[in-house]
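1. Please work out how this folds:
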Amino acid sequence: MDKLIIEVRANEYANRNRNRNVPWLPREIAGDAAECREAGASIIHFHGRSAAGAPDNRFETCRDTILAIRESSPILVHPTLGYVTVTASFEERFANVRRLAEQDATRPDIVPMDMGSVNVDLYDSQRAALRTPGAVYVNPTDMLIELAQGIRQGGMKPSLVAWNVSFVRQIQAFSSMSLLDDPLFISLVLTEKILIAGHPGTAQGLDAYLMFLPQDGSVQWSVTHIGGRFDTLLDKIILAGGHVQIGLGDYPYAEDGCPTNAQLVERVAARAKALGREVASPDDARRMLRLPPR
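-> Numbers count the residues shown, from 1 in each chain. Below you'll find the model as predicted:
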């Protein structure tokens, strides 16, 4: 079995009202990345944030964050394309990454590709009402084709994000069209609490994805759990050969005493070792994903 890739989802759009340790600014994210690498992480995914926590999608912010990360750690870098804070046009989505890829020092290792569009309304189960009716994360197919081509030309690897099984089928179609290179790196999204767009964070929700993944070794799959804990799924993922994407960007773990991202990584790494699975270093992850050495 391959070694376990642990990816840190450092901040997303999380605030600090339930955990003060969410990193926002470039130096904070870089310090967090270095600590997470020491704890066993091989990839860091981050969103640009302002000093007040607002989304900050400026090129300069992403550039400064990547440079700061690479000053102190060999961890693989995976920035955002902006999620719902930018429009669906290819030019706006890819503008930062295109500029970052022009220089070795700032070129991302991994770039996200959400492989379809999805309603991302927030649902209040207590009131049985939608908080944000009409919220859609738009990823049209023509834009995704351009994105796949741009990522390949830039010498980077796409993280193929699936919010449900239809996204997995889209990934398979793109692969058959020779738009994607093996091994496919697929992020399977599970969601809890107020976000109901993904599969539920249960064994059945995960199994519904796994039934449709190729079994020929051409896929490295990882699991994201937005709004929920990994406790009941961690062993299943580790023993099935999957990888883990975890961080304060997805869940604050306030009931655990407000841990840091590095402490979350430590827990995953310790559990993997207890189950007899080695944890991947950044160099291991590069080899497994067939990324060029840095």
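
2. which residues in this structure form strands?
-> All strands of the chain, identified by DSSP state E, fall at 6-9, 43-46, 76-79, 110-114, 118-119, 123-124, 129-130, 136-137, 157-162, 184-191, 199-200, 219-226, 243-246.

3. Any regions of the protein where pLDDT drops low?
-> Applying pLDDT under 70 to the chain flags residues 84.

4. Do I have it right that residue 49 meets residue 16?
-> No - using C-beta atoms under 8 Å, residue 49 makes no contact with residue 16, being 10.5 Å away. Bear in mind the C-beta positions are built from the backbone N, C-alpha and C, glycine included.

5. The chain: helices as residue ranges?
-> Here the chain has its helices, by DSSP state H, at 26-39, 59-72, 90-100, 141-153, 165-176, 203-210, 234-240, 261-274, 282-289.

6. ranking the ones you listed by burial, who's on top?
-> Burial of those is given as mean neighbour count (mean count of other C-beta atoms under 10 Å); helix 26-39 ranks first at a mean of 22.

7. Counting by contacts, list what it packs against.
-> Here helix 26-39 touches strand 6-9, strand 43-46, helix 59-72, helix 261-274, going by 3 or more C-beta pairs under 8 Å, 6 or more residues apart in numbering; DSSP states H and E.

8. do you know which of those lies nearest residue 291?
-> The closest of these to residue 291 is strand 43-46. By C-beta to C-beta, the value is 10.4 Å.

9. Just the CA trace of that closest one, in PDB.
-> Coordinates of each C-alpha in strand 43-46 appear next as PDB, following Å, rounded to 0.1, in the frame of the first residue of the first chain:
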ATOM      1  CA  ILE A  43       0.800  19.200   1.100                       C
ATOM      2  CA  ILE A  44      -0.700  22.500   2.300                       C
ATOM      3  CA  HIS A  45      -3.900  24.000   0.700                       C
ATOM      4  CA  PHE A  46      -4.600  27.600   1.600                       C
END
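
10. picking that back up, quick one: closest of the helices of the chain to residue 119.
-> Distance to residue 119, taken as C-beta to C-beta, is lowest for helix 165-176 among those, at 12.6 Å.

11. Can you dump the C-alpha atoms of the closest one in CSV for me?
-> Below are the C-alpha coordinates for helix 165-176, written out as CSV (Å, rounded to 0.1, in the frame of the first residue of the first chain):
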residue,chain,number,x,y,z
VAL,A,165,-20.6,10.8,-8.1
SER,A,166,-21.5,12.9,-11.2
PHE,A,167,-18.2,14.7,-10.7
VAL,A,168,-16.3,11.4,-10.7
ARG,A,169,-18.0,10.5,-14.0
GLN,A,170,-16.9,13.9,-15.3
ILE,A,171,-13.3,13.1,-14.2
GLN,A,172,-13.5,9.8,-16.1
ALA,A,173,-14.7,11.6,-19.2
PHE,A,174,-11.8,14.1,-19.0
SER,A,175,-9.4,11.3,-18.6
SER,A,176,-10.7,9.4,-21.6
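
12. Show me what it is in contact with.
-> Helix 165-176 is contacted by residues 114-116, 141, 144-145, 148, 160-162, 180, 182, 184, 186, 208-209, 212-214, 218 when judged by C-beta atoms under 8 Å, 6 or more residues apart in numbering.

13. still on that earlier bit, look at residue 49 and residue 16 and report which has more neighbours.
-> With neighbours defined as other C-beta atoms under 10 Å, residue 49 and residue 16 compare such that residue 49 has more, 26 against 15.
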